[in-house]
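**Student:** based on what follows, work out the 3D shape:
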Amino acid sequence: MVDWTDEGIVLAAKAHGEGSAIVVLLTRDHGRHAGLVRGAFSGRARGVYQPGNRVTAEWRARLADHLGNYTCELGHGHAAAVLDDPLKLAGLSAACAIAEASLPEREPHPQVHDGLVALLDAMAEPELGDAWIAVYVRWEIGVLADLGYGLDLESCAATGANDDLAYVSPRTGRAVSLAAGEPYRDRLLSLPRFLIGRGGGDQDDLFRGLALSGFFMERHVFATHGRQPPPARTRFVERFARDATVSGGGLSI
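**Tutor:** Okay, the predicted model is just below:
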């Protein structure tokens with residue numbers, strides 16, 4: 001018998017047989033890990049296995065390579081907390097879908113787990129407004145880094161200077177200064193100000209951040225395997241763009 005206990009975030013719960021589910025967790029020390037939960041959609045358990053909820057999970061199996069069984073105790077019900085906020089609900093669904101689709105099975109990525117916890121906590125702070133989206137962008141960039149596709153936003157790829165950074169090379173993922181990038185601006189990605197500590201964080205800047213991390217997620221994580229990004233991620237960006245337009249702010253991207 002093999003067993004362990006770990007912190008986890010519910011990424012997905014898929015019906016399996018009568019009343020059971022295959023639950024996929026992002027655990028801190030055991031990575032993206034699936035297990036069978038019997039009675040997952042009945043009684044008190046129904047609200048536990050919602051994407052985004054934090055749980056304490058116990059996994060048991062006869063052999064290490066078996067699917068195994070989960071027993072989970074709810075730690076924090078993040079899913080219920082965002083039900084009345086369509087944008088946060090879309091962001092939560094997108095983050096869980098990205099983690100499920102991008103991370104190798106049973107490979108520990110504790111920094112990705114901790115970053116997702118930080119994102120969930122940011123969503124719970126109403127005074128942040130839409131600033132939690134900046135946390136989401138940083139989390140996706142962290143996922144890229146953990147998978148070996150880190151961006152270099154510290155200095156200009158052409159000059160080595162770290163002032164007036166304005167673009168990112170889509171080929172190398174390195175920052176480019178305003179002056180060095182001006183002749184090639186149509187071929188470069190915009191660098192959000194909030195990623196280099198230069199303020200920002202307005203709706204346009206947040207949208208640039210989603211475009212930046214989304215470009216590299218699609219290119220390095222999904223396209224290389226002949227896949228598209230999760231639809232939940234696309235719906236999140238569309239919801240943000242739609243909400244920004246409705247609020248009168250518009251988007252200049």
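
**Student:** and the residue nearest the centre of this protein?
**Tutor:** In the chain, the centroid-proximal residue (CA atoms, centre = their mean) is Ala95; its distance is 3.3 Å.

**Student:** the one helix or strand that residue maps to packs against which elements?
**Tutor:** Secondary structure assigned from DSSP states H and E places Ala95 in helix 86-102. On a contact count with 3 or more CB pairs under 8 Å, 6 or more residues apart in numbering; DSSP states H and E, helix 86-102 meets strand 2-16, strand 20-27, helix 110-123, helix 132-146, helix 231-246. For every residue, glycine as well, the C-beta is placed using N, CA and C.

**Student:** next one: the residue nearest to the centre of the chain from Ala80, what distance?
**Tutor:** From Ala95 across to Ala80, the span is 16 Å (CB to CB, to the nearest Å).

**Student:** sorry, back to before: tell me the contacts of the residue nearest to the centre of the chain?
**Tutor:** Ala95 is in contact with Gly52, Leu116, Leu119, Tyr136, Trp139, counting by CB atoms under 8 Å, 6 or more residues apart in numbering.

**Student:** ok, Ala211 touching Leu191?
**Tutor:** No. Taking contacts as CB atoms under 8 Å, Ala211 lies outside contact range of Leu191: 10.8 Å.

**Student:** settle it for me: which of the two has more neighbours?
**Tutor:** Neighbours were counted for Ala211 and for Leu191 using other CB atoms under 10 Å; Leu191 has more, 25 against 15.

**Student:** which residues are in contact with the more buried one?
**Tutor:** Taking CB under 8 Å, 6+ apart as the definition, contacts of Leu191 comprise Leu153, Leu165, Ala166, Tyr167, Val168, Ala175, Val176, Arg208, Leu212.
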